[in-house]
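*Asks:* Give me a 3D structure for the following:
(chains A and B)
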Amino acid sequence: MTVRAKFGYTAAGMTVCVALLVPFVLMGAFTKGIAGLGLHVDEMYSGGPKVRTIQAAGYTIDIHRPVYPHLLQLEKPFVQLDWKPVSALPSHVSDVVDVDGDGQPDIRVSFDVPKDAKAALRVNVEALNPRYEAMQNVGKEKFSRLIVRGDDAILVRIPLARR
Amino acid sequence: MSVLLTLPIAVWSFLMFAHFWEPNRAGQIAIVMTAVFMIAMFYMMMRTRTTYRWRRWFFVAMGLLFPVGFIHTVIAMRGTMGIPIEEMIAGRTPFCFLPIPLLILPAALTKTVVFPGSILPGTGMAGAGMAAMAGMWLAMTIVVGKGWCSYLCFFGGIEEGMASVAKRAKLKKIDTRWRYGPWAVLLAMVLLSLALFDSVYCMWLCPFKAVSEYVAARNTLGMVQNGIFIMLFASLVIVLPFLTKKRTQCAFFCPFGAFQSIFNKTSVFDVKIDKTRCSPCVLCKTACPTMSLTDESIAQGETLMSCMKCGACVDVCPKDAAVWHIKGTDVASNPERARLLLLYGAWGMAIMFGGTIIAGGLATILHVFIK
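*Replies:* Here you go, the predicted structure:
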C-alpha cells in the first residue's frame, strides 16, 4: 500500500470518527463559534439599537438609533420608536416626541390601539422638524415606513428626509 | 454479514432517536417507524450492494414529509404560510441552509447578517437560530461534503421523486451548458445580496418557498414574488424532473448546490470510472441525475465536481466500472470498502438530520388519527 493510499484510508476513517462527534461535540462547538463571531442582524430588519427611553403617561417610548440603508439597499433611512407596554396604552395615542433629544419636538405621532390584537394598525405622523417625513394613514408598507405590533410593543418606523 | 454491517447504524439510530423521544403516542410511533425504516434501508444497501434506490426511498420520504411537518408548525404558530413583516422585524423567520453562501460576504465585510432571523435561539419560528443551522451545516459538510445534496437536503427529495415517476425520459436532449446554471445563479446572488444587502435568493428566487413559507402578499410586489416562487417550483421541481428524469433544480439552478460542490475538493470520498473496465456504454451518464458525467470526464475516469455521491452511476454500470473511491487509493482497490466508509458517515448524518424530519412529518400525520 502506497503512502498516499494510507493517507486516504486514514482520512476516510477519520471522517467516520468526525461523524460520530457531530451531534455530541462538533455541532455545538461550531454553533458557539459562529454565535461568538459578533455578527448582528441587519438593522433594516432589527430596527437598530435603542438609544433613549421617554417616559409617557403610564407607558414608555423607546427611541432607536436612526438606520441608514447600505449602498444599494432599496429602503429609506428611518428611525424606529416603540410604544410599550401595549396593555398600558390608551385606546388612542397622540404623542409629540423629541426624537433626537435636542429639547425640541420633532414629530407628532398618532394611532389607535384596537383591543383586537390582530386588527390592522394605522399611523399618522406630522413632521415638526423637516428632518422627518410625514406619514398619512400608513400601515405596514415597507421596512422604513410602518406601524406593527412587536412583542408587547407597538413599533413605528418614520422615514428620514434625504439630506 | 449484512446484519453485522448494519449493526453500528442500528446502534446509532437508537442513540439519535432516543434523544428525540416524544411524550405523545403519535410521536413515539413516528420515531419507531422512522428508525426501522432507516435501519432497513441501510440493511438493503448492504445486502444488495446497491446504494441509489434505497437512498432514494429515504430521500423522497424526507422531501415529502418536510413540508408536512414544517407547514403544520408554521400554520399552528402564525396561522399562515406567509411571513408577516412584524415576524421578520422580530427575527422570527426560520433559517434554512440555502442562503448560507449568499450571507458570507456581507457578514465578512460588515459583520451583518442580511436575513430577518435570529442568530441565537429565539421564540416562535426562529427556532434554534441561524448560528445553530450554520454550525450544523459546517459540521455535517466536513463529513459528507457535496453528499449533502444526496443525504441531507430536505428539499431535493421532491424533485428526485418526480424524476422517478416516468419510466423513460421524455426530454432527452439537454444542452450541457445548463450545467453552469447553478454557478451563474450563485455568482449573481452573492453579488446582488452584497449590493442590495438583502437575502435576494430567498426574497425572489427560491422555488421551495412554494412548499415552506412565502413572502406575505401585502401588495403587487408580494404577489409577483409569490408568482415567481410557484412558477420556479412547478417548472424546476415538478415538470422538468418528470420530463427529463434529472434533478433539474439541483443541476441547473441551485446556488447552494454549486457552493457545496467546492467541498467535493475537500472530501476524501469520490466516484471514479475504472477505465480498464469501462466499455464505454455511457449508461452512467444517462443515469446521473445532475449531469455530472460527460463523455470527456468518463474518458478521464472522473466525475465532475458537481457529483453529489448519490450512487446512481455506480448502481447502473453493468461492468462495475463506476466505483466508489477513496482519494489516494487505486481506483480498483476495494470500492466496497470506500462505499461502506462513505455510507457510515453519510447515513449517520442522514439519520440524525433527515430522520428527525421524517419522524416529525410522520408524527404530524399520525396526530390526525392517534390522540
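*Asks:* how many neighbours does residue 121 have?
*Replies:* Chain wasn't specified; assuming chain A. 19 (other CB atoms under 10 Å in any protein chain shown). All C-beta atoms are positioned from the backbone trio N, CA, C, and that covers glycine.
*Asks:* I was thinking of chain B, sorry if that wasn't clear
*Replies:* 14.
*Asks:* got the contact list for residue B:370?
*Replies:* Neighbouring residues of residue B:370 by CB atoms under 8 Å, 6 or more residues apart in numbering or on different chains: B:25-26, B:29.
*Asks:* Would you map the strands across the chain?
*Replies:* I went with chain A, as the question did not name one. A:40-41, A:50-55, A:60-64, A:78-84, A:92-97, A:107-112, A:123-127, A:135-138, A:140-142, A:145-150, A:153-159 (DSSP state E).
*Asks:* think we crossed wires, I meant chain B
*Replies:* Using DSSP E, strands in chain B cover B:82-83, B:112-113, B:214-215, B:269-273, B:322-326.
*Asks:* Give me the buried positions along stretch B:2-20.
*Replies:* Residues B:5-6, B:9-10, B:12-13, B:16-17 are the ones in stretch B:2-20 that count as buried (16 or more other CB atoms under 10 Å in any protein chain shown).
*Asks:* Please produce CSV containing those residues, extended by distance to chain A.
*Replies:* Below are those laid out as CSV (distance: CB to the nearest CB, whole Å):
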residue, distance to chain A
B:5, 13
B:6, 15
B:9, 11
B:10, 15
B:12, 8
B:13, 12
B:16, 7
B:17, 12
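*Asks:* In helices, which of the residues you listed fall?
*Replies:* When those are checked against helices (DSSP state H), the matches are B:5-6, B:9-10, B:12-13, B:16-17.
*Asks:* Would you reformat those residues as JSON lines and include pLDDT and distance to residue B:228?
*Replies:* Output for these, formatted as JSON lines (pLDDT from 0 to 100; distance: CB to CB, whole Å):
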{"residue": "B:5", "pLDDT": "93", "distance to residue B:228": "46"}
{"residue": "B:6", "pLDDT": "95", "distance to residue B:228": "44"}
{"residue": "B:9", "pLDDT": "94", "distance to residue B:228": "41"}
{"residue": "B:10", "pLDDT": "94", "distance to residue B:228": "44"}
{"residue": "B:12", "pLDDT": "93", "distance to residue B:228": "41"}
{"residue": "B:13", "pLDDT": "93", "distance to residue B:228": "40"}
{"residue": "B:16", "pLDDT": "91", "distance to residue B:228": "37"}
{"residue": "B:17", "pLDDT": "90", "distance to residue B:228": "38"}
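*Asks:* what two of those residues are the furthest from one another?
*Replies:* Put simply, by CB to CB the two of these set farthest apart are B:5 and B:17, 19.8 Å from each other.
*Asks:* For the residue of the stretch 51-200 of chain B found nearest chain A, give its distance to residue A:49.
*Replies:* Residue nearest to chain A within the stretch 51-200 of chain B: residue B:135 (3.2 Å; CB to the nearest CB). Residue B:135 sits 25 Å away from residue A:49, going by CB to CB, to the nearest Å.
*Asks:* ok, these two, which is more surrounded?
*Replies:* Using other CB under 10 Å, the more surrounded residue of residue B:135 and residue A:49 is residue B:135, with 22 against 10.
*Asks:* Give me the pLDDT for residue 68.
*Replies:* I'll assume chain A. Listed pLDDT for residue A:68 reads 93.
*Asks:* nope, chain B
*Replies:* On the pLDDT scale, residue B:68 gets 95.
*Asks:* Apart from its neighbours in sequence, what residue is nearest it?
*Replies:* residue B:361 (4.1 Å; CB to CB, 6 or more residues apart in numbering or on different chains).
*Asks:* Report the contact partners of the spatially most central residue of chain A.
*Replies:* For chain A, residue A:46 is the residue whose C-alpha lies nearest the centre (CA atoms, centre = their mean; 1.7 Å). By CB under 8 Å, 6+ apart, the contact list for residue A:46 reads A:40, B:89, B:91.
*Asks:* count of residues packed around the first one?
*Replies:* When counting by other CB under 10 Å, one arrives at 15 neighbours for residue A:40.
*Asks:* wait, isn't it in contact with residue B:110?
*Replies:* No. Counting by CB atoms under 8 Å, residue A:40 does not reach residue B:110; the two are 9.4 Å apart.
*Asks:* related to what we said a few turns ago, check the contacts of residue B:370 against chain A, which are close?
*Replies:* Taking CB under 8 Å from any CB of the partner chain as the test, chain A is in contact with none of those.
*Asks:* can I get the residues you listed in JSON lines with pLDDT and neighbour count?
*Replies:* Shown next, in JSON lines, are the contacts of residue B:370 (pLDDT from 0 to 100; neighbours: other CB atoms under 10 Å in any protein chain shown):
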{"residue": "B:25", "pLDDT": "91", "neighbour count": "13"}
{"residue": "B:26", "pLDDT": "90", "neighbour count": "18"}
{"residue": "B:29", "pLDDT": "94", "neighbour count": "17"}
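*Asks:* now, which of those residues sits nearest residue B:189?
*Replies:* Once CB to CB is applied, the member of the contacts of residue B:370 that ends up nearest residue B:189 is residue B:26, at 39.3 Å.
*Asks:* list the contacts for residue 107?
*Replies:* Using chain A here. Counted by CB under 8 Å, 6+ apart, residue A:107 has contacts A:96-97, A:99, A:125-129, A:132, A:158.
*Asks:* let's do chain B instead
*Replies:* Applying CB under 8 Å, 6+ apart, the residues contacting residue B:107 are A:37, A:39, B:113.
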